[in-house]
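**Student:** kindly return the folded structure for what I paste below:
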Amino acid sequence: MKLNCVFPAHFDQQIQNAIAFLKPYTKRAYLVGGSVRDLCLDEPLHDLDIEVYDIAPEAFDRLMTRMGAVGVGKSFFVYKLGNIDFSLPRVEHKSGVGHTAFEVAICQDEKEASRRRDFSVNAMMLNIFSGQLLDFWGGKEAIAHKTLSIIDEKSFREDSLRVLRAMQFSARLGFKVEPQSAEVMRNIDLSDLSRPRILWEFEKLFRASFLHYGLFYMYELRLFEKCFTCKVENHFFEIARELLRYKQNFEEALRPYYFVYIVANRLKQDSLQWFRMLDAPNHYLQTFKYQPFFEGEISDEMLLHVSLELPLKLWLGNYRNGVKEKACKLGIWNEIFTGDVSVQEVIRDGFEKEAIRHELKRRRIEKIKQVCK
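**Tutor:** Sure, this is the predicted structure:
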């Protein structure tokens, strides 16, 4: 089978350069992994992975050095040049505890090398010389049916991170996990994964287009219990409706934060505690330091109280219908509410140190009462 595809100009030139370098050595060099999937889906390409056959590791190392590629995983035979990772085909076997504890060996058989991939949609191979598509595990069919299915249960179980990858792929692509594959994933222990590695997969979910799919597979694959020690159960449909109903209102600058804000508050969980459990970077902790959540209708008075601490464009509750319009009308979308009460005025009245802040807030709250009469 041949795949007719058009690469963006900058990628096309890099691929043509790769063909020129590799042609004297092999006719078996394949685009592999997510980039083939994204070509089939007509999705934007970011980085490419090319797997090179028929070259011994020493010769491959010399060729990569001549090309100016940088070794980024020499024990795994991986080199980077521009936006392309070049690697030798390999098979992997679990050798210890953790996501990186694998023994690696060269493999010159395309089907066996592709067996180590997680899902059939990520296991297709595109020959960069001929355009021939190798699809040993039904990747094209899985894309047509929008499903994620495990290739090899044994190798899948050896890398527990793949359970989280299923969750975030589902949220990014809008794909469902094939039921038998989901059953395998439900029974995989995640305790060998580091907190930063778990967060990395969740961060891909936070920016995804199909957040309700991510929510469903967090529930279906028991990730709430395994990663956050809580359950979603009776709240699932309520949260899913909220994610679906309001996602078009999300402010782009806050997109990485809405999912946790909505889910944690609906489950009555401490979102800051979730991020601490994952050793999250400081920007998450700072963003969630003051983020009140309201049930039901949100009044002008509620919005003005929020704006005592931060402008409404930074409040994660701003996705609710009408909030932005009200905030702009009240002049608190881009600025906090001051009520024309200044710090200098409070100081002139004799307040000092910590008392200044308390009195300033008290006077501004009084102004809010007057505005909302």
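
**Student:** contacts, neighbours, all on C-alpha from now
**Tutor:** Noted.

**Student:** strands of the protein, start to end?
**Tutor:** Per DSSP state E, the chain carries strands over the ranges 29-32, 48-52, 70-73, 78-81, 84-87, 90-94, 102-106, 125-127, 133-134, 147-148, 176-177.

**Student:** pull out the buried positions in the third one.
**Tutor:** The neighbour-count criterion (16 or more other CA atoms under 10 Å) identifies 70, 71 as the buried residues of strand 70-73.

**Student:** contacts for it next, please.
**Tutor:** 64, 77, 78, 79, 80, 81 (CA atoms under 8 Å, 6 or more residues apart in numbering).

**Student:** change it to 10 Å
**Tutor:** By CA atoms under 10 Å, 6 or more residues apart in numbering, the list of residues contacting strand 70-73 from outside reads 61, 64, 65, 77, 78, 79, 80, 81, 82, 85, 86, 87.

**Student:** and what of the second one?
**Tutor:** The set of residues external to strand 48-52 that reach it, using CA under 10 Å, 6+ apart, is 11, 14-15, 18, 22, 25-36, 60, 77-80, 82-90, 108, 110, 113, 125-128.

**Student:** ok, the fourth one next?
**Tutor:** Contacts of strand 78-81 with the rest of the structure, by CA under 10 Å, 6+ apart, involve 14, 18, 48-51, 60-61, 64-65, 67-73, 85-89.

**Student:** try 6 Å
**Tutor:** With CA atoms under 6 Å, 6 or more residues apart in numbering as the test, strand 78-81 has contacts from 69, 70, 71, 72, 85, 86, 87.

**Student:** and which of those is nearest residue 364?
**Tutor:** For those, the closest approach to residue 364 (CA to CA) belongs to residue 72, at 56.1 Å.

**Student:** what's the pLDDT at that closest one?
**Tutor:** The model reports residue 72 with a pLDDT of 83.

**Student:** change the start of the numbering to 855 and stick with it
**Tutor:** All set: I'll call the first residue 855, so the last point we hit is now residue 926.

**Student:** tell me how far it lies from residue 941.
**Tutor:** 10 Å (CA to CA, to the nearest Å).

**Student:** same thing with residue 1138?
**Tutor:** Applying CA to CA to residue 1138 and residue 941 gives a distance of 35 Å.

**Student:** what does residue 876 give?
**Tutor:** From residue 876 across to residue 941, the span is 12 Å (CA to CA).

**Student:** who's more crowded, these two?
**Tutor:** Each of residue 876 and residue 941 has its neighbours counted (other CA atoms under 10 Å); residue 941 has more, 25 against 20.

**Student:** contacting residues for residue 1186?
**Tutor:** Counted by CA under 6 Å, 6+ apart, residue 1186 has contacts residue 1165.

**Student:** hmm, 8 Å instead?
**Tutor:** 1158, 1161, 1165, 1166.

**Student:** repeat for residue 1027
**Tutor:** So residue 1027 contacts 1063, 1064 (CA under 8 Å, 6+ apart).

**Student:** 7 Å instead, please
**Tutor:** Residue 1027 makes no contacts at all, as judged by CA atoms under 7 Å, 6 or more residues apart in numbering.

**Student:** same deal with the one 4 residues further on?
**Tutor:** Residues near residue 1031 by CA under 7 Å, 6+ apart: 1001, 1002, 1003.

**Student:** could you do residue 1076 as well?
**Tutor:** Counted by CA under 7 Å, 6+ apart, residue 1076 has contacts residue 1040.

**Student:** pull up the gap between it and residue 1152, please.
**Tutor:** Applying CA to CA to residue 1076 and residue 1152 gives a distance of 33 Å.

**Student:** likewise residue 946?
**Tutor:** Residue 946 is 55 Å from residue 1152, by CA to CA.

**Student:** equivalent analysis for residue 1214, please.
**Tutor:** Residue 1214 is 24 Å from residue 1152, by CA to CA.

**Student:** settle it for me: which of those two has more neighbours?
**Tutor:** residue 1214 (19 against 16).

**Student:** on that earlier part again, what is the nearest of the contacts of residue 1031 to residue 958?
**Tutor:** For those, the nearest to residue 958 is residue 1003 (23.9 Å; CA to CA).

**Student:** surely that closest one touches residue 976?
**Tutor:** No: using CA atoms under 7 Å, residue 1003 is not in contact with residue 976; the gap is 10.0 Å.

**Student:** which helix or strand in this protein has the lowest average pLDDT?
**Tutor:** strand 944-948 (a mean of 73; mean pLDDT, DSSP states H and E).

**Student:** dump the residue contacts of residue 1128.
**Tutor:** residue 1082.

**Student:** and stretch 1162-1182, how far out from the chain middle?
**Tutor:** With CA atoms, centre = their mean, to the nearest Å as the basis, stretch 1162-1182 stands 25 Å off its chain's centre.

**Student:** pull it out as CSV, backbone CA atoms only.
**Tutor:** What follows is stretch 1162-1182, C-alpha atoms only, in CSV (Å, rounded to 0.1, in the frame of the first residue of the first chain):
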residue,chain,number,x,y,z
LEU,A,1162,-10.4,42.1,44.8
GLU,A,1163,-7.6,39.6,44.3
LEU,A,1164,-7.1,39.3,40.5
PRO,A,1165,-8.6,40.5,37.3
LEU,A,1166,-11.3,38.3,35.9
LYS,A,1167,-9.2,37.3,32.8
LEU,A,1168,-7.0,35.4,35.3
TRP,A,1169,-9.9,33.7,37.1
LEU,A,1170,-10.5,30.1,36.1
GLY,A,1171,-14.2,30.4,36.6
ASN,A,1172,-14.4,32.9,33.7
TYR,A,1173,-15.5,30.2,31.3
ARG,A,1174,-19.1,30.4,32.6
ASN,A,1175,-21.6,32.0,30.2
GLY,A,1176,-21.9,35.8,30.6
VAL,A,1177,-18.9,36.2,33.0
LYS,A,1178,-16.6,37.9,30.5
GLU,A,1179,-19.4,40.3,29.4
LYS,A,1180,-20.2,41.2,32.9
ALA,A,1181,-16.6,41.6,33.9
CYS,A,1182,-15.9,43.9,30.9
